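[1] I'll drop the sequence and a predicted model, then ask my questions.
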Amino acid sequence: MIRLEAQHISKSFGGVKAVQDFSFQLNQHEIVSIIGPNGAGKTTAFNLLTGVYEIDSGKILLDGQDITGLQQHQIAKAGIARTFQNIRLFKGLNVIENVMTAADPLSSYNLFDAIISSRRKQSREAEVRELSRNYLKTVGLTGYENEKPENLSYGLQRKLEIARALATQPKVLLLDEPAAGLNPSEVRDFISLVRELRDEFQFSIVIIEHRMEVIMELSKRIYVLNFGKLLASGTPDEIRNNKEVLEAYIGEEDPACLL
Ligand SMILES: Nc1ncnc2c1ncn2[C@@H]1O[C@H](COP(=O)(O)OP(=O)(O)OP(=O)(O)O)[C@@H](O)[C@H]1O
């Protein structure tokens, strides 16, 4: 069953055609990737799927429902969660509070609130705290609940971002360069985590990534963008052996990156 579908979506910024007539499908319980050289339109595609930008033309469907033109918070509520290329965490809050604000976005978790709040709110807070503790456990952050996010290593901050995304109980998780800045052992760890998450939560995942070992190991199918357009799509083996794709990567920092 198709979970998320983009039909001929396009977006220009002035004269730059960032995404042109791009279509893709993501099935239930599937991991697909979007790859392409720098500036190919990958992040713009995520921004269109999550309502950060209004699309110029095309349609986006989630479980067959048209979600084109919805606001970011409506799309999040409909079931699409994402992480960002540049990690976005709340520095003023500790690790567990970062997850709690995602699990219960209408609440603010701070000491003042705790003192003045009603018993009902306190019991809701206890419930959300417990849920958040579980999400932290899932990503391997047990023991870090009271740390400030900026004191965590880059790899752990990435996990915290994922815990925040999990807390919104998504149907679809969009990961924008989740392995950027990770060392080789963190990359291995991350690959296992993504598989575990998909199996445990039964959701579908789209990954944008430059680290090809991540893409090749995790993706069932890969979409390749170049200058905003779909250049190719197929299985990791098909993409690895696609001459046009290899040519598109020539001149990139890591031209051998398709492995
Ligand atoms: N808000 C914006 N305003 C103007 N131009 C933009 C904006 N966002 C993206 N672009 C342009 O759209 C094109 C696609 O950018 P995008 O960030 O989507 O590429 P990308 O494939 O994610 O690149 P990278 O791998 O470097 O992150 C680029 O030419 C970029 O400069």
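    Okay, I see it. Residues are numbered from 1 along each chain as shown.

[2] Can you pull the poorly scored residue ranges out of the stretch 101-250 of the chain?
    105-117, 250 (pLDDT under 70).

[3] Tell me who's in contact with residue 54.
    residue 69 (CB atoms under 8 Å, 6 or more residues apart in numbering). All C-beta spots, glycine's among them, are computed from the backbone N, C-alpha and C.

[4] can I assume it sits in a strand?
    No - using DSSP: H, G, I helix; E, B strand; the rest coil, the assignment for residue 54 is coil, not a strand.

[5] and after the helix or strand encompassing residue 161, which helix or strand comes next?
    Element membership of residue 161, judged by DSSP states H and E, is helix 154-166. The helix or strand immediately downstream of helix 154-166 is strand 172-176, counting by DSSP H and E.

[6] Residue 217: neighbour count?
    17 (other CB atoms under 10 Å).

[7] ugh, wrong one, I meant residue 123
    Neighbours around residue 123, by other CB under 10 Å: 11.

[8] Pull the distance from whichever strand or helix holds it to the chain's centre.
    Assigned by DSSP H and E, residue 123 falls within helix 119-139. How far helix 119-139 lies from its chain's middle: 23 Å, per CA atoms, centre = their mean, to the nearest Å.

[9] Just want the angle from it to helix 154-166.
    130 degrees (axes from the mean of the first three to the mean of the last three CA atoms, to 10 degrees).

[10] Is the nearest residue to residue 94 once chain neighbours are set aside in a helix, a strand, or coil?
    In space, residue 94 comes closest to residue 146 once its chain neighbours are excluded; the distance is 5.2 Å by CB to CB, 6 or more residues apart in numbering. The local conformation at residue 146, judged by three-state DSSP, is coil.

[11] all helices for the chain, in order.
    All helices of the chain, identified by DSSP state H, fall at 42-49, 72-78, 95-103, 111-116, 119-139, 154-166, 184-201, 212-218, 236-240, 243-249.

[12] what's the longest one packed up against?
    For helix 119-139, the helices and strands in contact under the criterion 3 or more CB pairs under 8 Å, 6 or more residues apart in numbering; DSSP states H and E are helix 95-103, helix 111-116, helix 154-166, helix 184-201.

[13] Out of these, which gets nearest to the ligand?
    The minimum distance between the ligand and the helices and strands packed on helix 119-139 falls on helix 154-166, with 16.0 Å, by CB to the nearest ligand atom.

[14] And the closest one, what's buried?
    155, 156, 157, 158, 159, 160, 161, 162, 163, 164, 165, 166 (16 or more other CB atoms under 10 Å).

[15] of all these, which comes closest to residue 185?
    residue 155 (8.9 Å; CB to CB).

[16] How much space separates that closest one from residue 177?
    To residue 177, residue 155 is 13 Å away according to CB to CB, to the nearest Å.

[17] next one: residue 24
    Counting by CB to CB - residue 24 and residue 177 are separated by 18 Å.

[18] Go ahead and confirm residue 242 touches residue 235.
    No - using CB atoms under 8 Å, residue 242 is not in contact with residue 235; the gap is 10.5 Å.

[19] could the helices and strands packed on helix 119-139 be laid out in JSON lines, adding distance to residue 20?
    Listed next are the helices and strands packed on helix 119-139 as JSON lines, based on distance: least, CB to CB, whole Å:
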{"stretch": "helix 95-103", "distance to residue 20": "33"}
{"stretch": "helix 111-116", "distance to residue 20": "47"}
{"stretch": "helix 154-166", "distance to residue 20": "28"}
{"stretch": "helix 184-201", "distance to residue 20": "29"}
